[in-house]
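Asker: missing the sequence, but the structure's below:
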């Protein structure tokens, strides 16, 4: 039995994954695969490279740069979220005497208003509403900017000024 294990180890090739490969590993991992799999699929497709010390250092350096960029982006988003939480949006809409809107206000109108105010990172998909706003009043609307960054904005729905 031990001789079989030794021969199996000799046949394995160590590769450094350049991209995520399903059922094999994630980018940056070192995996042992059969020579044919490496030679015929992983290397020609650019999914892996030979696991040399230089390549390992380069992948680690790349990973650190990505982590730093992610941290910087997260810090910027937190700053924007703080600024948004101090801001309030005023939207005009046609309404009847009881305060019911003839239409409704949804995420698109709120994100357009925030973009006009200089908050370009807020898209309509970032606005979390339980349903469209159909009455005049003050609403607190949640914004989901990132998996780790959420904030709220005050939305005033006021009647359209009659001229």
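Answerer: All right, it came through fine. Every value quoted in this text rests on a predicted model; they were computed, and no experiment measured them.

Asker: okay, and for this protein, where does confidence drop off?
Answerer: Under the criterion pLDDT under 70, the flagged ranges of the chain are 1-10, 162-163.

Asker: Nearest the middle, which residue of it would you pick?
Answerer: residue 146 (5.7 Å; C-alpha atoms, centre = their mean).

Asker: Can you point out the buried residues in the helix ranked longest in the chain?
Answerer: For the chain, the longest helix by residue count, based on DSSP state H, is helix 53-85. Buried residues in helix 53-85, counting neighbours by 16 or more other C-beta atoms under 10 Å, are found at 55, 59, 77, 80-81, 84. (C-beta placed from N, C-alpha, C; glycine too.)

Asker: on contacts alone, who are the packing partners of that helix?
Answerer: The criterion is 3 or more C-beta pairs under 8 Å, 6 or more residues apart in numbering; DSSP states H and E, and the helices and strands that helix 53-85 contacts are strand 13-17, strand 137-146, strand 149-159.

Asker: got those as TSV, with distance to residue 72 columns?
Answerer: Putting the helices and strands packed on helix 53-85 into TSV (distance: least, C-beta to C-beta, whole Å) gives the following:
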stretch	distance to residue 72
strand 13-17	26
strand 137-146	13
strand 149-159	13
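
Asker: Those: which one's closest to residue 23?
Answerer: Closest approach to residue 23 among the helices and strands packed on helix 53-85 (C-beta to C-beta): strand 13-17, 12.0 Å.
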